[in-house]
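Trainee: here is my input, please return the structure:
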Amino acid sequence: MNLADILRLLLTDMQADLRSYARLHGLLDDQLAAITQQRGDELQGIATQVTALVDELDGRRDQRRRLVATMLGRKHELSMNEALERLPSKAASVLRDAWQALEQAVQLAKQLNARNCELIVEQHALMQRLLGSNQDTYAEL
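Mentor: This next block holds a predicted model:
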């Protein structure tokens, strides 16, 4: 596989990941709506879709790691930034833009997931208090 093939695959994978992260962001918003509207029946379906999407993203990430390893000539201490520094400026610019967009999409997904997790934990704690599972429910403050 030559450098042009590697660069084409890297860019294709990053673009596919950006589309997948857009779908993931939508699913996380759907999950939030299902949580807030107490539609438990929908949560399992959303979780199944999220899991499948994450598996897909992991597969492409693994492929990117292999491609970068091939570019750098090593399997450890891989760095996309180092790989980009070794490329001609035009190719590096295109891939850097895609890489930065991908990093932003990942960060947004992490934020949305953290938001949903916080809400689930809060709802669980509230239900525990309402169901009397917390011995200190009526303790003096």
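Trainee: how about the helix or strand encompassing Ala33: buried residues?
Mentor: Ala33 is part of helix 3-36, with elements assigned from DSSP states H and E. Across helix 3-36, burial judged by 16 or more other Cβ atoms under 10 Å covers 6-7, 9-11, 13-14, 17, 20-21, 24-25, 27-28, 30-32, 34-35. Every C-beta, even on glycine, is put in place using the N, C-alpha and C of the backbone.
Trainee: name the residues of the next helix or strand after it that are buried.
Mentor: Using DSSP H and E, the helix or strand that follows helix 3-36 in sequence is helix 40-72. Using 16+ other Cβ under 10 Å as the test for burial, helix 40-72 gives Ile46, Gln49, Val50, Leu53, Leu57, Arg60, Arg64, Leu67, Val68, Thr70, Met71, Leu72.
Trainee: for the last one, give me its contacts.
Mentor: Just to be clear, that refers to Leu72. Shown here is Leu72, whose contacts under the criterion Cβ atoms under 8 Å, 6 or more residues apart in numbering are Leu78, Ser79, Glu82, Ala83, Arg86.
Trainee: how about a cut-off of 10 Å?
Mentor: By Cβ atoms under 10 Å, 6 or more residues apart in numbering, Leu72 lies in contact with Leu78, Ser79, Met80, Glu82, Ala83, Arg86.
Trainee: hang on, the earlier thing: average model confidence for the helix holding Ala33?
Mentor: If you average the pLDDT over helix 3-36, you get 96.
Trainee: helix 40-72 and that one, what's the angle between them?
Mentor: 160 degrees (axes from the mean of the first three to the mean of the last three Cα atoms, to 10 degrees).
Trainee: tell me the mean pLDDT over the longest helix seen in the chain?
Mentor: Of all the segments of type helix in the chain, defined by DSSP state H, the longest one is helix 89-130. Averaging pLDDT along helix 89-130 gives 91.
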